[in-house]
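**Q** here is a sequence together with a model predicted from it:
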Amino acid sequence: MLSPLVRGNKKGVKIQNMSKITQSKSYKVLMDGLWNDHPVCSMILGICSSLAITNKLENAIVMGLGVTFCLVCTAVFISAMRNFIPSHARMIVYMIVIASFVIIVDRFIKAYYPDISEAIGPYIGLIITNCILMGRAEAFAIKNGIFYSVLDGIGYGLGYTYTLVVFSVIRESFGFGSILGMRVMPQNWTNWVVMVMAPGAFFVLSLYLWIYKTLRSVRVERKSVVNKGHDLLLRSKK
């Protein structure tokens, strides 16, 4: 049986290791896309697809994974070629690279998921003009190495994807009474048709933004209190 001193030391080591992880650049880059600098809630990007295709969960999953794939592949290519891309032509290069990967995604979905392709086909093509991809290529991939650029692409892709999934789960369950064809509402449930229409999409978006902003402000306040306590502790030791 471990003594309290040993247990305390082990706990202190775990806290120290966790602190090192949370302060690392890799963690920060990943968390920026997942939460801190969320593409939809913080930067208000990708709103069109967030509103248009989230009436069904399968549509949201396919769109989210497609955008994530394009983000990661674009990040790898732009980062690897960053020293060879002329600054005056970089936007054209971004468009060509993004369009190439979007075509791959579009062909793949048409070949293996024709029903989903028919439902969200036009929006797959619009990934080319998605400001998330252009923004990350310009703000991050062109300035950083491949490893961090991939983490950035994964973070922003997953941040965008889970937002679409949350939107679609709410809208499909209330609008159709089912998720992925499985009944989740009682048999006597009256479908809220408005939830699968444009007004329902805007309502869910506004509710989601309100929750996100509230949680983020609470986290910032809590972090500020912790930092003040840490500073006071350091001063008392001096």
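**A** The structure has been received and is ready for your questions. Numbering: from 1, shown residues only.
**Q** what about residue 89, how many residues close to it?
**A** 10 (other Cβ atoms under 10 Å). C-beta: built from backbone N, CA, C; applies to glycine.
**Q** actually residue 23, not the one I typed
**A** Around residue 23 there are 9 residues (other Cβ under 10 Å).
**Q** do residue 84 as well
**A** There are 7 residues near residue 84, going by other Cβ under 10 Å.
**Q** is it in a helix, a strand, or coil?
**A** Using DSSP: H, G, I helix; E, B strand; the rest coil, the structure places residue 84 in coil.
**Q** contact partners for it?
**A** By Cβ atoms under 8 Å, 6 or more residues apart in numbering, no residues touch residue 84.
**Q** same thing with residue 62?
**A** Taking Cβ under 8 Å, 6+ apart, we find residue 62 in contact with 109, 113, 116, 120.
**Q** what does residue 157 give?
**A** By Cβ under 8 Å, 6+ apart, residue 157 lies in contact with 33, 64, 67-69, 71-72.
**Q** between those residues, which is nearest residue 188?
**A** residue 64 (32.8 Å; Cβ to Cβ).
**Q** and for the closest one, nearest residue in space, chain neighbours not counted?
**A** With Cβ to Cβ, 6 or more residues apart in numbering as the criterion, residue 64 has its nearest non-adjacent residue at 2.9 Å, and that residue is residue 161.
**Q** shouldn't residue 68 be within a helix?
**A** Yes: counting by three-state DSSP, residue 68 is found in a helix.
**Q** what number of residues lie near the residue nearest to residue 64?
**A** Neighbour tally, residue 161, other Cβ under 10 Å: 19.
**Q** name the element residue 121 belongs to?
**A** Counting by DSSP states H and E, the element that carries residue 121 is helix 114-125.
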